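*Asks:* Generate coordinates for the sequence data below:
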Amino acid sequence: MTSADPLGQGRGGEIAGIVAGDRFAKLRETMIAFRDAREWRQFHDPKNLAEGLSLEVAELLEIFLWKTTEESRLMVADPATIAKVREEVADCFLYCVLVADAFGIDLIDAGHEKIEINGRKYPADKSRGRREKYDAL
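*Replies:* Okay, here's the model as predicted:
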């Protein structure tokens, strides 16, 4: 993954002939239009959006409740579980879009910046194959 190829696709960020940034912008516009058509912006203050995101993450976690690590690894081959996870991940992602919108954050830029920050915190030569937090490497 490089800045010239942020998605690591070997096509300068292009997927299936569509520039990834355009795909994200269209999704964001669609989500905002969905919210605005229902006049829900009044309820989408930062606190409520963060709480909504937390609840959606909890719904994702619920799928794995009482499963062992090994059982959870096997779940990636189950179509019914994939469908549930897909729905919950999408809910989480859409809440992230709304939180970012509320704060005027470019989510793509923030994601790239966070990967760079994590790269400095967790250099590959020190963190490869290790689970310790950066301050314990």
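
*Asks:* Tell me if Leu55 really is in a helix.
*Replies:* Yes. Judged by DSSP: H, G, I helix; E, B strand; the rest coil, Leu55 forms part of a helix.

*Asks:* Can you give me the neighbour number for it?
*Replies:* As a burial measure, Leu55 scores 12 neighbours (other Cβ atoms under 10 Å). All C-beta spots, glycine's among them, are computed from the backbone N, C-alpha and C.

*Asks:* cool, and Glu132?
*Replies:* 10.

*Asks:* SS state for it?
*Replies:* Glu132 - assigned by three-state DSSP - is coil.

*Asks:* Show the backbone phi and psi for it.
*Replies:* phi -70, psi 150 (degrees, to the nearest 10).

*Asks:* What of Asp91?
*Replies:* Dihedral angles of Asp91 (phi, psi; degrees, to the nearest 10) stand at phi -60, psi -50.

*Asks:* can you pull the contacts of it?
*Replies:* Contacts of Asp91 were listed using Cβ atoms under 8 Å, 6 or more residues apart in numbering, and they are 56, 59-60.

*Asks:* Name only those of those residues that count as buried.
*Replies:* Using 16 or more other Cβ atoms under 10 Å as the burial test, these include Glu56 as buried.

*Asks:* got CSV for the contacts of Asp91, with pLDDT and distance to Arg41 too?
*Replies:* Converted to CSV, those look like this (pLDDT from 0 to 100; distance: Cβ to Cβ, whole Å):
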residue, pLDDT, distance to Arg41
Glu56, 98, 19
Glu59, 98, 23
Leu60, 98, 25
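
*Asks:* for the contacts of Asp91, which one is nearest Asp106?
*Replies:* Glu56 (21.7 Å; Cβ to Cβ).
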